[in-house]
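> Test case, fold it:
(chains A and B)
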Amino acid sequence: MGQLKNFTKGFVKDNPVFVLLLGLCPALGVTTSAFNGLGMGLATTFVLVSSNIVVSIIKNLIPSKVRIPSYIVVIASFVTITDLVMEAYLPALFESLGLFIPLIVVNCLVMGRAEAFASKNNTWNSIVDGMGMGLGFAFALTVLGGLREILGAGEIFGWSIFAGDGMLVFVLAPGAFIGLGYLVALNNIVKKKMES
Amino acid sequence: MEYIIIIIGAVFVNNIVLAQFLGICPYLGVSAKVSTSIGMSGAVMFVMTLATLVTFLIFNFILVPFNIEYLQTISYILVVASLVQMVEIILKKVSPALYQALGIFLPLIVTNCAILGVTILAVREDYGFNLLEGVVFAIGHALGFALTIILFAGIREHLELMDVPKGMRGAPAALVVAGILALAFMGFANLV
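Below you'll find the predicted structure:
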């Protein structure tokens, strides 16, 4: 039961984007479509789970004074792997995510979980935590990307929902902020309903 | 003239927060008061300029000659991390009040994607910047960050006094305000 709770907390209760407001740069920057959001979410999940595994294994070997730089090097290595693999096998997605792939390294979410969870828990729990948080992040990005794609282009995952042009502003920068603002508000309300 | 174009482009047209979505965490996190946002802008400007200077040299004189550009992410983040450490030590000594006010966000400047983002952008081939242009590019982006976060903090101070619907209080309202600011900044598109 503890594991399940550990896993599902990332979706609504402690959702990294909607509740903790972590990792907002990629959340706003790449979510011009649901597919881009999903791709970014899964790439981050991979880095998060891998770095959680390594950090939880080496946590006792690192002196606490240099732990942050050590974690950053671990995370940066996995980000470089993701970067190169994606460039080789998914060039189109690589192109549209652009700068935000190397920037996974400074995603507060990845660093935050390494520091707050993986450095204090065993490997198995850290994997579950990384999975839950990562998929929660992917979920949030897909929802935001989907919302912007539907309102802005009238499509979802490339399938047409309604004919004609959408509201262009939702594909552009302002739509990201406004869309996320309303999704955070919605999540607040849902969370309150679930608690009462 | 060229430098002025780079700065105007960085501050208004490709504003780092509102058009490129970099540095959103400090943008939302330390923008509750104008005074702290000014301090944050100063720290960001200092670190961003220095980091770009150092990483530019590392990229062109170490990574490129040895053909190890794939180490860009790792080496850059280490430079940024050590610079932040330095700023933290200096600030603690010189201005303890500011150090207190910035609190958790000073170490978090390491994970401020604006810094890493600008250092990576400054060596992009399609810009083809030389060292001085790269540094001016960084200063421009830091000014853009300062402008938007101080504007935003000013608005948020007023927002505190407004009667906002319950579900929208705090972060959601701030995000919508940021969206409207971004809409305003879109007016600068095609300026240069």
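
> In space, what's closest to residue 178 - neighbours in sequence excluded?
Looking at chain A here, since you left the chain open. residue B:179 (3.6 Å; Cβ to Cβ, 6 or more residues apart in numbering or on different chains). Yep, even glycine has a C-beta here, placed from its N, CA and C like the rest.

> My question was about chain B, not that one.
Spatial nearest neighbour of residue B:178, excluding adjacent residues (Cβ to Cβ, 6+ apart): residue A:177 at 4.4 Å.

> How much space separates the one you found from residue A:31?
Using Cβ to Cβ, to the nearest Å, residue A:177 is found at 11 Å from residue A:31.

> Between those two, point out the one with more neighbours.
residue A:31 (30 against 24; other Cβ atoms under 10 Å in any protein chain shown).

> looking at it, that one is touching residue A:176, isn't it?
Yes. Taking contacts as Cβ atoms under 8 Å, residue A:31 lies within contact range of residue A:176: 6.4 Å.

> Remind me which helix or strand the residue nearest to residue B:178 belongs to.
Residue A:177 belongs to helix A:173-195 when assigned by DSSP states H and E.

> Quick one: list the elements packing against that helix.
helix A:24-29, helix A:123-153, helix B:171-185 (3 or more Cβ pairs under 8 Å, 6 or more residues apart in numbering or on different chains; DSSP states H and E).

> for the one helix or strand residue B:91 maps to, packing partners?
Using DSSP H and E, residue B:91 sits in helix B:72-94. Counting contacts by 3+ Cβ pairs under 8 Å, 6+ apart, helix B:72-94 is packed against helix A:67-89, helix B:34-58, helix B:96-102, helix B:113-122.

> hang on, the earlier thing: I'd like to know how many residues surround the residue nearest to residue A:178.
Neighbours of residue B:179 (other Cβ under 10 Å): 23.

> Which residues does the helix holding residue A:177 contact?
With contacts defined as Cβ atoms under 8 Å, 6 or more residues apart in numbering or on different chains, helix A:173-195 is touched by A:12-13, A:15, A:17-19, A:21, A:24, A:27-29, A:31, A:140, A:143-144, A:147-148, A:151-152, A:167, A:169-170, B:18-19, B:21, B:167-168, B:171-176, B:178-180, B:182-183, B:185-186.

> Would you mind checking the residues you listed for buried ones?
A:15, A:17-19, A:21, A:24, A:27-29, A:31, A:140, A:143-144, A:147-148, A:151-152, A:169-170, B:18-19, B:21, B:167-168, B:171-176, B:178-179, B:182-183, B:185-186 (16 or more other Cβ atoms under 10 Å in any protein chain shown).

> residues touching residue A:150, list them.
So residue A:150 contacts A:156, A:161, A:166 (Cβ under 8 Å, 6+ apart).

> who wins for most neighbours among those?
Going by other Cβ under 10 Å, residue A:166 tops the contacts of residue A:150 with 18 neighbours.

> need the contact list for that residue.
A:150-154.

> What residues sit buried inside the longest helix along chain B?
Looking across chain B with DSSP state H, the single longest helix is helix B:131-159. Neighbour-count burial for helix B:131-159, counted by 16+ other Cβ under 10 Å, picks out B:133-153, B:156, B:159.

> cool, and stretch A:121-141?
Result for stretch A:121-141 [16+ other Cβ under 10 Å]: buried residues A:121, A:125-141.

> ok now it, how far from the chain's centre?
Centroid displacement of stretch A:121-141 relative to its chain, using Cα atoms, centre = their mean, to the nearest Å, is 10 Å.

> Excluding chain neighbours, what is closest to residue B:69?
residue B:63 (5.2 Å).

> what's the spacing between that neighbour and chain A?
Distance of residue B:63 to chain A, computed by Cβ to the nearest Cβ, to the nearest Å: 13 Å.

> what residues does the lowest-mean-pLDDT helix or strand in chain B touch?
Least confident helix or strand, chain B: helix B:96-102 with a mean of 74, by mean pLDDT, DSSP states H and E. With Cβ under 8 Å, 6+ apart as the contact definition, helix B:96-102 has outside contacts at B:30, B:35-36, B:39-40, B:43, B:88, B:91-92, B:106.

> do the same with stretch B:178-187
Applying Cβ under 8 Å, 6+ apart, the contact partners of stretch B:178-187 are A:169, A:172-178, A:181, B:12, B:15, B:17-19, B:27-28, B:148, B:151-152, B:155.

> Can you show me the CA trace of that stretch as CSV?
Below are the C-alpha coordinates for stretch B:178-187, written out as CSV (Å, rounded to 0.1, in the frame of the first residue of the first chain):
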residue,chain,number,x,y,z
ALA,B,178,2.5,36.6,-16.4
GLY,B,179,0.5,35.5,-19.5
ILE,B,180,-0.9,39.0,-19.9
LEU,B,181,2.6,40.5,-19.5
ALA,B,182,3.8,38.0,-22.2
LEU,B,183,0.9,39.3,-24.4
ALA,B,184,2.2,42.8,-23.9
PHE,B,185,5.7,41.8,-24.8
MET,B,186,4.5,40.2,-28.0
GLY,B,187,4.0,43.8,-29.2
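
> mind checking the SS state of residue 163?
Looking at chain A here, since you left the chain open. Under DSSP: H, G, I helix; E, B strand; the rest coil, residue A:163 falls in the coil class.

> try chain B instead
Per three-state DSSP, residue B:163 ends up coil.

> Low-confidence ranges, the chain, go.
No chain was given, so I picked chain A. For chain A, residues meeting the criterion pLDDT under 70 lie at A:1-2, A:164.

> Hmm, no, I was thinking of chain B.
Ranges of chain B meeting pLDDT under 70: B:101-108, B:110-111, B:125.

> Check the gap between residue B:177 and residue A:194 for me.
Taking Cβ to Cβ, one finds residue B:177 at 27 Å from residue A:194.

> Sweet, I'm off.
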